[in-house]
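Asks: What follows is a predicted protein model with its sequence.
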Amino acid sequence: MNPTTSLRSNAIHLARGVAAARGEHLCMTFADSLSGDIARLQVWRRLRRLFPLAPPEVLEVLIEEVLTP
């Protein structure tokens, strides 16, 4: 599995976990709001732990691409 695919699949998996913990639908969790920003930050921090060598810019672009409703 290439690194980008692994990052993407982990980002989606983590996003689903954050949404489930909040008891919300995925699209509502990451809506353009303060709550959505906090949810994206949670996913970003968890991805940084899983992929410490991934450049932060790559993670930011991936999160915007995958988690923006």
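Replies: Noted; the coordinates are in hand.
Asks: CA atoms for contacts and neighbours, from now on please.
Replies: OK.
Asks: Quick one: mean pLDDT for stretch 62-69?
Replies: Across stretch 62-69, pLDDT averages out at 85.
Asks: That one: how far from the chain's middle?
Replies: 7 Å (Cα atoms, centre = their mean, to the nearest Å).
Asks: export it as CSV, just CAs?
Replies: Extracted in CSV, the C-alpha atoms of stretch 62-69 (Å, rounded to 0.1, in the frame of the first residue of the first chain):
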residue,chain,number,x,y,z
LEU,A,62,-5.3,15.6,2.9
ILE,A,63,-7.6,16.6,5.8
GLU,A,64,-9.0,19.5,3.7
GLU,A,65,-9.5,17.2,0.8
VAL,A,66,-11.0,14.2,2.7
LEU,A,67,-12.9,15.9,5.5
THR,A,68,-14.4,19.1,3.9
PRO,A,69,-18.1,18.5,3.3
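Asks: which helices and strands does the helix or strand residue 9 falls within pack with?
Replies: Residue 9 is part of helix 3-22, with elements assigned from DSSP states H and E. When contacts are defined as 3 or more Cα pairs under 8 Å, 6 or more residues apart in numbering; DSSP states H and E, helix 3-22 sits against helix 26-29, helix 34-50, helix 56-67.
Asks: what sits up against the last one?
Replies: Right, helix 56-67. By Cα atoms under 8 Å, 6 or more residues apart in numbering, the residues outside helix 56-67 that reach it are 8, 11-12, 15, 27, 30, 40, 43-44, 47-48.
Asks: list the buried ones in that helix?
Replies: 59, 62-63, 67 (16 or more other Cα atoms under 10 Å).
Asks: Considering these, which is situated nearest to residue 34?
Replies: residue 67 (14.3 Å; Cα to Cα).
Asks: Which pair in the buried residues of helix 56-67 has the greatest spatial separation?
Replies: Of all pairs drawn from the buried residues of helix 56-67, the one with the longest distance (Cα to Cα) is 59 and 67, at 11.4 Å.
Asks: now, which of the buried residues of helix 56-67 sits nearest residue 22?
Replies: Of all these, residue 67 has the smallest distance to residue 22: 15.6 Å, by Cα to Cα.
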